[in-house]
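S.K.: Below: sequence and its predicted model.
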Amino acid sequence: MRPLELPDTGLSDGQKVETTRFLALFSPHRGTLAIVLALIALGALTGVISPFLVREIVDVALPEGDVALLAWCAFGMIAVYVAGAIFTVLQSFLSTRVGQAIMHDLRVRVFAHLQRMGLPFFTSTRTGEIQSRIFNDIGAMQLVVTNVATQIVSASATILMSAIAMIAMDWRLFLFSLVTTPIASVLNRRVGKRRRALVKRRQEAAADLSAHIQESLSVSGILLSTTLGRSEPIIEAFENESRDLSRLEVESEMAGRWMQGLYSVLLWIIPALTYLIGGVLFIRGLGDLTIGTLVAFVAMQTTLFPQLNTLLRVATQVRASLALFTRVFEYLDLEVPIKEAEEAQTFPGGRARGHVSFEDVHFAYPGAERDTIAGVTFEVPRGTHTAIVGSTGSGKTTLGYLLSRLYDVSSGRVLIDGIDVRELTLDSLAGAVGVVTQETYLLHASIADNLRFVKPDASEADMVRACEMAQIHAHIEALPHGYNTIVGERGYRFSGGEKQRLAIARTILRDPPILFLDEATSALDTVTERAMGGALRSLSEGRATISIAHRLSTVRDADQILVVKAGRICERGTFDDLRAAGGEFSRLATGGRQA
């Protein structure tokens, strides 16, 4: 398809690109839009028939006393109005359906794109900002897509039909009517520029308010504000942000209203002047202008000028709405950091055997001055347990991010069964590595739904078996609703240890060949952790297990322990060997900072 070339509309090159992308949203709905355009054309046609019937009544039916013609014209006008109403309802229904379909497609595109953006994007962007763009910005675009686009076409069609009819009636009066066109063009540009800037500021303010609500009214936010006694300052900050948004709403709504009001007055002055000019032409016999033509012409103006006013208002709204398109398209234009290779492969047989290798891996977070991981090399054969220890910020968790490909290595390779993780399909990699983190995330749903999130076809027996291994089944059975108990937002109805055990049960149910346990038992009491020790050892059988932990009980039985310091492996060996060596591991253990 040839790229759409926009005429000179006073828009900048960037705005023209945005407009072109906006128009491209309509491409999948060409058939329905063709019907809408046909209905709009028919509606515009019905709008210009009535003035000709009026002229026939004034010039012929009334002077000649032709009752039959008068009746035909009167009923003709009624039929025209009824047909116009039917056409308007039908085109409104179809255009609304197309608009909703476009909004649905756009919301899904943005959501799907953000799903692929990976961890870096979400660690640097507020959740409230994301929600605002998906709901507020796209929601505001809905008005433009559903109503404004059809209003522009409808107004344009009516103006075109009316112009043709007015030329046919009297070209001299038509030329006089065009005096409003340059005024409308100037006003449109001035008001549109002002409203575009205001809309951008308004949406930014709405995003800030949305982020404030999301952060303050979450469970974590309420706990924070209540325990620190900061409720009043938070309310005051919300009040100030809400007041700013209200002010911007008023400014945006009123921008250019005085100009548009003056233009509206001008549009109603023109018909009066038309009567004056047309009356002079008729009285002096200049041309073949009749009284019926003059009355019909002014009636046509009453149809044309409101449409011109509508076009002015809507065009201004579209120019202002380009700020919304910009904000939405900014997200769609974000480059996905973790991409699947063009010829990505799956594991032979469809399942990984579970052999992990890090080969001279280097990694630095975006914008960091030094590497977080520097020259790390180690292997975790299938059926073995490797523990990683080190002080806070040494890079332990980052190794899990690289294994799960939440980030890509700067250099070196991370391999599973000899295959670089960057060469695997994302689904294959996700199915191979099971991650349980210290901060457990649970959906606001039932326990069963949380477990089945990783395995939708899991039977009740499968869930019970997984929960028994995770030492959580007895607690669930004691709940009034058992596995149908709603866990609450982010699982806040459960303790930290209970959430961790549910997360472990979820991973057991998933049955991945590789486990990465990032302080997965940090919230468990000593008795429960001891009881789970055997379960975790059983779970690790036949898998490659990598664990990060602060407790000796977790790393004591590891086949190898890697001590990480400043992104490098400074020691490796068994628990007893490292303890006897008196090096970094021994210092961490003795100091109580690790293990």
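M.R.: Here it is on my side, so go on.

S.K.: Confirm that Val414 sits in a strand.
M.R.: Yes: with DSSP: H, G, I helix; E, B strand; the rest coil as the criterion, Val414 is part of a strand.

S.K.: number of nearby residues for it?
M.R.: The number of residues packed near Val414 is 22, by other Cβ atoms under 10 Å. No exception for glycine: its C-beta is placed from N, CA and C like everyone else's.

S.K.: just Ser264 next, same as before
M.R.: Neighbours around Ser264, by other Cβ under 10 Å: 16.

S.K.: what about it, helix or strand, and which?
M.R.: Take DSSP states H and E as the rule and Ser264 turns out to sit in helix 257-283.

S.K.: What is the helix or strand following that helix packed up against?
M.R.: Counting by DSSP H and E, the element after helix 257-283 in chain order, helix or strand, is helix 291-332. If you count contacts as 3 or more Cβ pairs under 8 Å, 6 or more residues apart in numbering; DSSP states H and E, helix 291-332 packs onto helix 13-24, helix 30-56, helix 67-115, helix 138-143, helix 149-169, helix 171-177, helix 180-216, helix 257-283.

S.K.: So what's the gap between helix 291-332 and the chain middle?
M.R.: Centroid displacement of helix 291-332 relative to its chain, using Cα atoms, centre = their mean, to the nearest Å, is 29 Å.

S.K.: relative orientation of that helix and helix 30-56 in degrees?
M.R.: Orientation of helix 291-332 against helix 30-56 (axes from the mean of the first three to the mean of the last three Cα atoms, to 10 degrees) gives an angle of 160 degrees.

S.K.: any idea of the mean pLDDT for helix 291-332?
M.R.: What helix 291-332 shows for mean pLDDT is 76.

S.K.: Repeat that for stretch 576-592.
M.R.: Averaged over stretch 576-592, pLDDT sits at 79.

S.K.: CA atoms only: put it into PDB for me.
M.R.: The C-alpha trace of stretch 576-592 is given here as PDB (Å, rounded to 0.1, in the frame of the first residue of the first chain):
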ATOM      1  CA  ASP A 576      33.200 -27.500  55.000                       C
ATOM      2  CA  ASP A 577      36.100 -26.500  52.700                       C
ATOM      3  CA  LEU A 578      35.100 -22.900  52.600                       C
ATOM      4  CA  ARG A 579      34.600 -22.700  56.300                       C
ATOM      5  CA  ALA A 580      38.000 -24.200  56.900                       C
ATOM      6  CA  ALA A 581      39.700 -21.900  54.400                       C
ATOM      7  CA  GLY A 582      39.000 -18.900  56.600                       C
ATOM      8  CA  GLY A 583      38.300 -16.600  53.600                       C
ATOM      9  CA  GLU A 584      35.400 -14.500  52.500                       C
ATOM     10  CA  PHE A 585      32.800 -17.200  53.200                       C
ATOM     11  CA  SER A 586      34.000 -17.700  56.700                       C
ATOM     12  CA  ARG A 587      34.000 -14.000  57.300                       C
ATOM     13  CA  LEU A 588      30.500 -13.600  56.100                       C
ATOM     14  CA  ALA A 589      29.200 -16.600  58.200                       C
ATOM     15  CA  THR A 590      31.100 -15.500  61.300                       C
ATOM     16  CA  GLY A 591      29.900 -11.900  60.900                       C
ATOM     17  CA  GLY A 592      26.300 -13.000  60.600                       C
END
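
S.K.: Can you point out the buried residues in it?
M.R.: Counting neighbours by 16 or more other Cβ atoms under 10 Å, one finds that the buried residues in stretch 576-592 are 578-579, 584-586, 588-589.

S.K.: Which one of those residues is nearest to Ala41?
M.R.: Comparing the buried residues of stretch 576-592 against Ala41 with Cβ to Cβ places Leu588 closest, at 79.1 Å.

S.K.: Would you confirm that the closest one contacts Thr392?
M.R.: No: Leu588 is beyond contact range of Thr392, at 10.8 Å (criterion: Cβ atoms under 8 Å).
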